[in-house]
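Peer 1: would you be able to build a 3D model of this:
(one chain, ligands or ions: 1)
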Amino acid sequence: MAESVKVIIEGKTYEFPVVTGTEGEKAVDIRKLRQLTGYITYDPGYANTGSCTSSITYMDGEQGILRYRGIPIEQLAEHSSFVETSYLLINGMLPNFAELQMMKVQLNDASLVHEDMQIFFQNFPRSSHPMGILSAMVNALRSFYPELPISDGSTTQDMMRILSKVRTMAAMSYKISRGHKVVYPRQDLTYCANFLNMMFNSPVKPYDLDDDVVKALNVFWILHADHEQNCSTTAVRVVGSGKVNIYASISAGISALWGPLHGGANQAVINMLTHILNDGGNIAHIIARAKDKDDPYRLSGFGHRVYKTYDPRSKIIKKVCDKVLRKLHISDPLLDIAQKLEEVAVKDPYFIDHNLYPNVDFYSGILLRAIGIPTNMFTVMFAIGRLPGWIAQWKESRNDPDWKISRPRQIYTGNTKNDYIPIDQR
Ligand code: CMC
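Peer 2: Numbers count the residues shown, from 1 in each chain. Below you'll find the predicted structure:
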């Protein structure tokens, strides 16, 4: 017998069906709520609202579980590559050898960026944040590659273009921001190695590709590849729900990711750790501020809407970070501060009571610094990693039989009707 939930409103009982996911999560299907009762739900930040059904990513926040298409994140980080994981997310299954080769060819074919786009990069003010530039450039890509009618939405070619070109554009913008010559993508390099080469190779100092660094970047991007209905993914779905093209939708996702409460947290963590270092390592002061109800300050890289235990990604990234620092013989004082801060915070009753643990951003900045990525590009690195997730979610929403344009309701709290007063009588 189908499960249902009874709701009593103003003495009258209504019955709503229950939707059950494959991992047993339950939701009350309230699609008929307003029509039957005249009521709507109130749920700021959508913390209790399922906006869609999805078969892409599963998270269990209580147990710290993350799986893409059913495969645990730990296994993907250990054995997969970013390109293979992207295929998995976008197509729903792991590729066979031929399919993976085909994807690599498609990514290589799409790796160049129209030369005219360089002019944009050159004309942004030097102080522009790379996330603002990236969002604008991804939107502009549609104008440079418009051959499909916009109503067609998107094809695999568009998806491969985004995956490949955003990586090229990110490296290109870094080179241009330094006043250096752009390094072009190479067909003989893998996705991650290609990025590192475009970022760091130069005619005066050829860049030595290190297998461990390439692997670390693969893992970093795999860990960021999807995270179900987070702020930026929701932005991609909401914007896409108006039937706009994939470039515009992903451009919106990039803008949403920029915020310090979301993808911008990796940059905020480094700023916080640097501040503690410059303050003589005063961890107690920062903890006290984060706990103070009258101070809006929060510990960056701590806490998560879904995870109420350690973010499984943070454990993996910490190990990768340790390995890269050892391999490159880097001793980063910020790592020491981060470790001490974690030790103190996870034992503090405030953090225990609020279920606040390190999230993926807590150690990722230290890894990125070790690789040589400048701090203001950290969130761009997150964005490149999240592309396959955004693409997969956009694609899924396009094919969703329950699709509807996103259009929430509100509870109006403004003035009741009052008449216009001419300016000379006010
Ligand atoms: N430091 C101190 N207190 C915190 C923190 C923190 N980092 N995060 C949450 N709290 C407290 C908050 O003050 C509130 O306390 P109380 O109930 O006493 O008023 C309680 O915990 C619940 O907070 P919330 O704002 O209702 O939780 P949320 O689910 O809306 O926010 C969050 C989640 C990630 C925005 C938040 O934990 C935060 O701001 N963290 C710091 C920023 C950060 O690291 N963001 C990266 C998230 S992981 C990468 C990604 O997927 O984007």
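Peer 1: and the nearest residue to residue 313 once chain neighbours are set aside, how many neighbours?
Peer 2: Setting aside the residues directly before and after it, residue 313 is nearest to residue 360 in space (CB to CB, 6 or more residues apart in numbering), at 3.9 Å. Placement of C-beta: from N, CA and C, glycine included. With neighbours defined by other CB atoms under 10 Å, the count for residue 360 comes to 27.
Peer 1: hmm, residue 360 is touching residue 224, no?
Peer 2: Yes. Look at residue 360 against residue 224 with CB atoms under 8 Å: they come within range, at 7.1 Å.
Peer 1: which residues do those two both contact?
Peer 2: residue 313 (CB atoms under 8 Å, 6 or more residues apart in numbering).
Peer 1: need the pLDDT of the residue nearest to residue 313.
Peer 2: Looking at residue 360, its pLDDT reads 91.
Peer 1: surely residue 385 is within a helix?
Peer 2: Yes. Per DSSP: H, G, I helix; E, B strand; the rest coil, residue 385 lies within a helix segment.
Peer 1: can you tell me how far it sits from residue 195?
Peer 2: According to CB to CB, to the nearest Å, residue 385 stands 11 Å off from residue 195.
Peer 1: and what of residue 269?
Peer 2: 22 Å.
Peer 1: now residue 224: closest residue in space that isn't a chain neighbour?
Peer 2: With CB to CB, 6+ apart, the residue lying closest to residue 224 is residue 385, at 3.0 Å.
Peer 1: residue 34 too?
Peer 2: residue 40 (5.4 Å).
Peer 1: flag the shaky bits of the stretch 101-250 of the chain, pLDDT-wise.
Peer 2: For the stretch 101-250 of the chain, the stretches flagged by pLDDT under 70 are 147-154.
Peer 1: which positions in it make contact with the ligand?
Peer 2: Applying CB under 6 Å from any ligand atom, we find that the stretch 101-250 of the chain lies next to the ligand at 227, 230.
Peer 1: ok, back up a step: which of the helices or strands spans the residue nearest to residue 34?
Peer 2: Of the helices and strands defined by DSSP states H and E, none includes residue 40.
Peer 1: need the pLDDT of it.
Peer 2: Predicted confidence (pLDDT) for residue 40: 97.
Peer 1: skip the chain neighbours and tell me the closest residue to the residue in the stretch 301-426 of the chain that the ligand sits nearest to.
Peer 2: Per CB to the nearest ligand atom, residue 303 is where the stretch 301-426 of the chain lies closest to the ligand, at 2.4 Å. Of all residues beyond its chain neighbours, the one nearest residue 303 is residue 356 (4.5 Å), with distances taken as CB to CB, 6+ apart.
Peer 1: ok, residue 56 to the ligand distance?
Peer 2: 15 Å (CB to the nearest ligand atom, to the nearest Å).
Peer 1: surely residue 5 is in a strand?
Peer 2: Yes. Residue 5: assigned to a strand according to three-state DSSP.
Peer 1: what's near enough to touch residue 120?
Peer 2: 133, 136, 137, 140.
Peer 1: burial of the third one, as a residue count?
Peer 2: Residues lying near residue 137 (other CB under 10 Å) number 25.
Peer 1: surely it touches residue 169?
Peer 2: Yes. When contacts are counted by CB under 8 Å, residue 137 is listed as touching residue 169 (5.4 Å).
Peer 1: which neighbours do the two have in common?
Peer 2: Common neighbours of residue 137 and residue 169, counting by CB under 8 Å, 6+ apart, are 117, 121.
Peer 1: the residue in the stretch 1-150 of the chain that the ligand sits nearest to in helix, strand or coil?
Peer 2: Nearest residue of the stretch 1-150 of the chain to the ligand: residue 45, at 5.8 Å (CB to the nearest ligand atom). On the three-state scheme (three-state DSSP), residue 45 is labelled helix.
Peer 1: for it, which residues are in contact?
Peer 2: residue 305.
Peer 1: from residue 408, how far off is it?
Peer 2: Counting by CB to CB - residue 45 and residue 408 are separated by 12 Å.
Peer 1: where do the strands sit along this protein?
Peer 2: Counting by DSSP state E, one finds strands in the chain at the ranges 4-9, 12-20, 26-28, 57-60, 65-68, 71-72.
Peer 1: and the shortest one, which strands flank it?
Peer 2: Right, strand 71-72. strand 65-68 (antiparallel) (DSSP bridges).
Peer 1: report the distance from the partner strand to the chain centre.
Peer 2: The gap between the average C-alpha position of strand 65-68 and the chain average comes to 15 Å, counting by CA atoms, centre = their mean, to the nearest Å.
Peer 1: list the buried ones in it?
Peer 2: For strand 65-68, burial by neighbour count (16 or more other CB atoms under 10 Å) applies to 65, 66, 67, 68.
Peer 1: closest to residue 265 out of these?
Peer 2: residue 66 (17.1 Å; CB to CB).
Peer 1: does that closest one touch residue 72 like I think?
Peer 2: Yes. Applying CB under 8 Å as the test, residue 66 and residue 72 come out as touching, 7.4 Å apart.
Peer 1: how is this structure divided into domains?
Peer 2: The chain breaks down into these domains under automatic domain parsing: 4-50, 71-256+377-397, 265-371.
Peer 1: for those, which one sits closest to residue 418?
Peer 2: It's domain 4-50; of these, that one is closest to residue 418 (CB to CB) at 24.6 Å.
Peer 1: who wins on neighbours among the contacts of residue 120?
Peer 2: Neighbour max across these (other CB under 10 Å) = residue 137, 25 neighbours.
Peer 1: so which of residue 269 and residue 195 has more stuff around it?
Peer 2: Higher neighbour count among residue 269 and residue 195: residue 269, with 28 against 22, using other CB under 10 Å.
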